[in-house]
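Engineer: here's a sequence, model it:
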Amino acid sequence: MATLSESDALDVLLPVQVGRVRLRNLTLLASGILDELGGSLVRAVRAGAGGVVTKSIGTHPRSGHPSPSFFEVESGAMNAMGLPNPGIEAYGEDMEAVVPEANALGAPVVGSVFAGTGDEFVALTQKMEEYGATAVELNLSCPHAKGYGTDIGADPKVMGPIVQACVDAVDIPVWAKLTPNVTDITPCAIAAARAGAEALTLVNTVKAIAIDPDLRRPILGNTIGGLSGAAIKPIGVRAAWDVWNALEKEGIHPVKNCPLVGSGGVESARDALEYILAGASAVQVGTAFLRQGYDVFGRITEGVRAWLDEQPEDDLRAVVGTAHL
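Structural biologist: Presented below is the predicted three-dimensional model:
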């Protein structure tokens with residue numbers, strides 16, 4: 001298969017708007033796929049990502065769960081990393097390594113943060129703003145870290161005030177990354193939007209377990225992990241579909257007021273287009289990056305642009321959500 005060079009990838013432009021954040025194309029590197037080093041994020045930007053989301057960073061260094069913490073399955077991948085990170089104070093150097101070049105290339109850096117309390121979320125959000133992040137994504141949805149993620153983000157009454165506090169504390173946009181591990185994602189989406197989130201990322205990994213029949217033991221060191229990749233794309237697309245409808249019923253426009261960012265199983269242009277037609281303004285790419293490498297961003301963008309060239313619309317924004325019509 002032919003691959004795109006870095007210079008070719010930078011020429012594949014398809015700018016999109018996610019609230020106040022302008023991306024040079026519809027693809028973002030999803031959080032947690034690369035290590036936290038700024039140099040890795042820079043390479044993703046140079047390869048053609050429309051933007052990058054950092055690894056989720058907490059208040060203090062964290063080693064994460066015991067190995068094995070990641071393995072591939074036929075339909076995607078499973079992980080139980082446990083949110084390993086160097087802590088927010090140490091992360092400033094990595095942000096310094098990526099923010100200037102990313103901004104110069106029109107590929108915003110979105111800082112991902114996780115915490116166990118509202119005050120911690122606020123402090124982390126403020127630090128990301130200080131480090132030059134264009135926006136902050138609140139990780140309210142990690143399925144395998146006790147006291148974090150889904151433990152907070154599955155309850156709209158808990159999650160809403162946290163989003164509100166972060167929105168009030170900074171001038172940059174605040175995004176909320178939501179969990180699919182609930183009966184109905186729409187109450188959480190509405191709560192985040194009403195609290196001032198400028199975008200909703202849909203969705204994080206699906207809680208899952210795998211067992212080795214020979215050992216008669218769970219494969220992951222943490223037992224429970226998160227499933228990502230192609231297997232969860234229909235779940236993510238349905239989330240975008242349901243949230244679009246729910247926000248519209250609440251009088252919140254899911255493009256103008258609170259855009260959606262699709263995440264989960266985006267491996268090709270057609271996958272991205274499913275999310276776009278369901279209501280997402282942009283997509284995040286994670287597991288596909290691990291399998292296809294840095295060229296995946298350019299390939300997806302080029303494929304979407306080729307599709308758009310054959311449509312009556314001349315702007316991708318005009319296509320968003322049109323499967324609902």
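
Engineer: quick one, what contacts Ala197?
Structural biologist: Residues in contact with Ala197 (Cβ atoms under 8 Å, 6 or more residues apart in numbering) are Leu138, Val163, Val167, Val174, Trp175, Ala176, Cys258. Any C-beta I mention is one placed from the backbone N, CA and C, and that applies to glycine too.

Engineer: assumed it was part of a strand.
Structural biologist: No. Counting by DSSP: H, G, I helix; E, B strand; the rest coil, Ala197 falls outside a strand, being coil.

Engineer: quick one: the closest residue to Ala246 other than its chain neighbours from Val167, how far?
Structural biologist: The spatially closest residue to Ala246, leaving aside those adjacent along the chain, is Thr186, at 3.8 Å (Cβ to Cβ, 6 or more residues apart in numbering). For Thr186, the distance to Val167 equals 20 Å [Cβ to Cβ, to the nearest Å].

Engineer: when the two are compared, which one has more neighbours?
Structural biologist: Legend: neighbour count by other Cβ atoms under 10 Å for Thr186 and Val167, higher for Val167 (22 against 19).

Engineer: and that one, what element?
Structural biologist: Assigned by DSSP states H and E, Val167 belongs to helix 156-169.

Engineer: also Pro143?
Structural biologist: Counting by DSSP H and E, Pro143 is part of no helix or strand.

Engineer: please point out which parts of the helix holding Val167 sit buried.
Structural biologist: Pro156, Met159, Gly160, Ile162, Val163, Gln164, Ala165, Cys166, Val167 (16 or more other Cβ atoms under 10 Å).

Engineer: equivalent analysis for stretch 148-158, please.
Structural biologist: Neighbour counts over stretch 148-158 (16+ other Cβ under 10 Å) mark Tyr148, Gly149, Thr150, Asp151, Ile152, Gly153, Ala154, Pro156 as buried.

Engineer: so who does the residue nearest to Ala246 touch?
Structural biologist: Applying Cβ under 8 Å, 6+ apart to Thr186 gives the contacts Asp242, Val243, Asn245, Ala246.

Engineer: convert stretch 26-35 to CSV, retaining C-alpha atoms only.
Structural biologist: Output of stretch 26-35 as CSV, limited to C-alpha atoms (Å, rounded to 0.1, in the frame of the first residue of the first chain):
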residue,chain,number,x,y,z
LEU,A,26,-10.9,16.3,10.9
THR,A,27,-8.5,13.8,12.6
LEU,A,28,-7.0,14.0,16.1
LEU,A,29,-4.6,11.6,17.7
ALA,A,30,-6.7,10.1,20.6
SER,A,31,-5.4,10.4,24.2
GLY,A,32,-3.4,7.5,25.6
ILE,A,33,-2.1,6.0,22.3
LEU,A,34,1.4,7.4,22.5
ASP,A,35,3.7,7.9,25.5
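
Engineer: for this protein, what spans make up the helices?
Structural biologist: Along the chain, the segments classed as helices by DSSP state H run 6-11, 38-47, 92-104, 118-130, 150-153, 156-169, 186-194, 233-249, 269-278, 287-292, 296-309.

Engineer: will you turn these into CSV that also has mean pLDDT and distance to Ala318?
Structural biologist: Listed next are those as CSV, based on pLDDT from 0 to 100; distance: least, Cβ to Cβ, whole Å:
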stretch, mean pLDDT, distance to Ala318
helix 6-11, 49, 23
helix 38-47, 92, 27
helix 92-104, 96, 27
helix 118-130, 99, 32
helix 150-153, 91, 32
helix 156-169, 98, 28
helix 186-194, 99, 22
helix 233-249, 99, 15
helix 269-278, 99, 11
helix 287-292, 93, 26
helix 296-309, 97, 9
